[in-house]
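> Fold the following for me, if possible:
(2 chains)
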Amino acid sequence: MKSPLVKTAILLAGMYVLLKFILPLFTAPLPASLIFLYLALTFAAAAIFYTMSGAGLEDFMGPIGRFLTGEGQTGLAGTARLLVFALFPVLVGWQTYTKMAPSDVPPAENRTIHPAPPGEFVGLANPFPRTQENIMMGQGLYAAFCSPCHGANFDGKGPAAVGFNPPPANFSDPGTIAQLQESYLFWRIKKGGVGLPVEGMPWKSAMPRWEKELPDEWIWKIIMGEYAGAGQAPRTWEEEE
Amino acid sequence: MGREKFFKIALGAMVMVAGFSASWASADDPAPENGTGSVSIRLHLTEEALPGDNPNAAVWDTIQPSEFRLAPQVHWPDRIQEVTVQSVKVRGMHNGEELAILLEYDDPSEDDADAAAIEFMVGDHKAHFAHGQEMLQVEGGPVNIWYWKKAADGAVDMSAKGFQTLRPQQNQNVSATGAWQEGVWRVVFSRRLHTEDANDVQITPGEWTNVAFAFWDGQIVDGTVKEQGSQKAVSSWWYLRAEPTPDNSLYGYVVLGIAIAAGFEWLLVRKIRRGNTA
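Reported below is the predicted structural model:
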């Protein structure tokens, strides 16, 4: 039977492979800092589990203690110990340097992608029936006003999309309009980027304030056209059948 | 060996693991939101005279440019769907007193109405990239725009806070000159890092400033200028920072970090050995 320490090492290696290589097959890659956090939690959990009993404590910590003191170590183990002892201060020094050296990485700004809408927009329902005619009209308006940025394929890849940061929303992604109610889209289209609260970083958004140019009826029909064209359905509060 | 000692060993081991992992992990965080291209511009610190009036000075080619993609201006009317200038390479230098910023971009023809502009936020409030237009839930600030046009081959130092408010400033502090060669414009802007004008952006080495760009292709097509006014190529906000003076105290902190880590190792081993022999 393997020692708890070896089991923990295998567990950590397995977790790393899972988080770094397997998970990105299904979803967006995790930031390295988050992977590190998960590995640290895994290590802490294993350490707590294996050190609950006195015997477990010795099984888990004994090899670490013997490794650190160099007790009875010769050959490869002795060299590894010296390497660890030499590398650790070097790594700390390197970390200190990279954290303090002037960097070209600007300060992090955490943008909330879907901030809360103002109260007057919450719960509004599309006043126009979802008829084929209205959807067609909405898609025509979308092609004229929205597709330059959001793309003819509703994928956020219109010809004007490349220069903007943040990029235009990709409506075919199930993480965008499928997660939102029609009233939310009505707010975002009507008020545009400048209507966002501070956490939405309105100063960077190129989304026009369409209320200055389009009547509400067109906006509601554009919303219908967007959902139909992107193959998505608005989120509702009604129970699913 | 007592529980307390073991706990200390565990703590030490965790610190080591953390050090290793953090070092190895810090290099590969995901790319910025735009996927490709640069995020920031560094104004390189130099002790030499700045090439503020020479866009073709050899020293510019020693600097690695930042590159930003541009988009047709579709944010407000009059919009444009296609623009000539697709991206801009930006290089910058400063000498502690003055700065020079070089914009390099493709434009197949040299025309009198060709123009380029750099926009900065001014003051503490965030400003919308479209001329500091009004934001509905956030109090915005003004912008400072440095505008160059081929016909004048000089800079206009301007301010805006909202649409229809763009005006040349009373104090003109910026100079600019451009040179076109084989389908490439190189335009250099220069100014002092600090001015007395409250309407100007103030560049303090080490501090980040928001910056955006705009370009107009002044080619005459069917008797009219192809791009003018709001019909232009634009970027939204990116970042600029003048390189700070080197701070050698950094190396002192590195040595301190190494000494603390080595001291920690020594203490840890000593504690374990004492625990073992107790």
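
> Can you show me the strands along the stretch 1-150 of chain B?
With DSSP state E, counting those that start in this stretch as the criterion, the stretch 1-150 of chain B has strands at B:40-45, B:66-69, B:71-72, B:87-94, B:98-106, B:115-121, B:143-149.

> mind listing what the closest residue to B:D200 other than its chain neighbours touches?
Spatial nearest neighbour of B:D200, chain neighbours left out: B:N144 (5.4 Å); criterion: CB to CB, 6 or more residues apart in numbering or on different chains. Glycine gets a C-beta too; all of them are placed from N, C-alpha and C. Taking CB atoms under 8 Å, 6 or more residues apart in numbering or on different chains, we find B:N144 in contact with B:E119, B:F120, B:V122, B:D157, B:M158, B:S159, B:N199, B:D200, B:V201.

> so the fourth one bridges to which residues?
So the one you mean is B:D157. Listed beta-bridge partners, B:D157: B:W146 (assigned using DSSP bridges).

> residues near it, how many?
B:D157: 23 surrounding residues under other CB atoms under 10 Å in any protein chain shown.

> Make CSV out of the strands of the stretch 1-150 of chain B and add distance to B:D222.
CSV is the format used below for the strands of the stretch 1-150 of chain B (distance: least, CB to CB, whole Å):
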stretch, distance to B:D222
strand B:40-45, 37
strand B:66-69, 28
strand B:71-72, 19
strand B:87-94, 26
strand B:98-106, 22
strand B:115-121, 20
strand B:143-149, 21
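
> Isn't B:S87 up against B:F68?
Yes - counting by CB atoms under 8 Å, B:F68 is a contact partner of B:S87 at 6.4 Å.

> out of the two, which sits in the busier spot?
B:F68 (25 against 18).

> Can you tell me, leaving aside adjacent residues, what's nearest to the more buried one?
Using CB to CB, 6+ apart, the closest residue to B:F68 is B:S235 (5.1 Å).

> check contacts around that neighbour.
B:S235 touches A:G163, A:F164, A:N165, B:F68, B:R69, B:L70, B:A71, B:V88, B:F129, B:A212, B:F213, B:A214, counting by CB under 8 Å, 6+ apart.

> Likewise for B:K126?
A:M201, A:W203, B:V138, B:G140, B:G141, B:N210.

> Find me the pLDDT at it, would you?
Model confidence at B:K126, given as pLDDT, is 96.

> now do the one 4 residues further on
Model confidence at B:A130, given as pLDDT, is 96.

> What is the burial count for it?
B:A130: 25 neighbours (other CB under 10 Å).

> roughly how far apart are it and B:H75?
5 Å (CB to CB, to the nearest Å).

> Same check on B:V211?
Distance from B:V211 to B:H75, by CB to CB: 17 Å.

> Who has more neighbours out of these two?
Using other CB under 10 Å, the more surrounded residue of B:V211 and B:H75 is B:H75, with 26 against 23.

> tell me the contacts of that one?
Per CB under 8 Å, 6+ apart, neighbours of B:H75: A:G193, A:A206, A:M207, A:P208, B:A130, B:V234.

> Put together TSV for the residues you listed, with secondary structure on each row.
Listed next are the contacts of B:H75 as TSV, based on DSSP: H, G, I helix; E, B strand; the rest coil:
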residue	secondary structure
A:G193	helix
A:A206	coil
A:M207	coil
A:P208	coil
B:A130	coil
B:V234	strand
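
> Buried subset of the residues you listed, written for PyMOL?
Remark: buried members of these, expressed as a PyMOL selection using 16 or more other CB atoms under 10 Å in any protein chain shown:
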select buried, (chain A and resi 193+206+207+208) or (chain B and resi 130+234)
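
> so which of the contacts of B:H75 would you say is closest to A:G123?
A:G123 lies nearest to A:M207 out of these, by CB to CB, at 22.2 Å.

> Leaving out sequence neighbours, find the closest residue to the residue of chain A at minimum distance from chain B.
Proximity of chain A to chain B (CB to the nearest CB) peaks at A:G163, 2.8 Å away. Excluding its sequence neighbours, the residue lying closest to A:G163 (CB to CB, 6+ apart) is B:A71, at 2.8 Å.

> The one you found is in contact with A:P168, isn't it?
No - applying CB under 8 Å as the test, B:A71 and A:P168 come out as separate, 9.7 Å apart.

> Now do the shared contacts for the two.
By CB under 8 Å, 6+ apart, the residues touching both B:A71 and A:P168 are A:C149, A:A161, A:A206.

> neighbours around the first one, how many?
Counted by other CB under 10 Å, the residues lying close to A:C149 total 25.

> ok, now how distant is it from A:Y142?
For A:C149, the distance to A:Y142 - CB to CB - is 11 Å.

> Ok, B:R69 next?
24 Å.

> So these two - more neighbours on which side?
Neighbour tally, B:R69 and A:Y142, criterion other CB under 10 Å: the higher count belongs to A:Y142, 24 against 19.

> Point out where chain B drops to low pLDDT.
B:1-36, B:277-278 (pLDDT under 70).

> how about the helices of it, start to end?
B:3-25, B:249-277 (DSSP state H).

> Identify the residues contacting the most centrally placed residue in chain B.
Chain B has B:L240 as the residue nearest its centroid, 2.2 Å off, counting by CA atoms, centre = their mean. Listed by CB under 8 Å, 6+ apart, the contact set of B:L240 reads B:S40, B:I41, B:L43, B:G92, B:F120, B:I203, B:W208, B:T209, B:N210, B:V211.

> Out of the contacts of B:N144, grab the one that's most surrounded.
Of the contacts of B:N144, with other CB under 10 Å as the count, B:E119 tops at 26 neighbours.

> Can you name the residues that contact that one?
B:F129, B:V143, B:N144, B:I145, B:W146, B:V211, B:A212, B:F213, B:A214.

> For B:M135, see how far away it is.
16 Å.

> Just the buried positions in stretch A:54-65, please.
A:L57, A:D59, A:F60, A:M61, A:G62, A:I64, A:G65.
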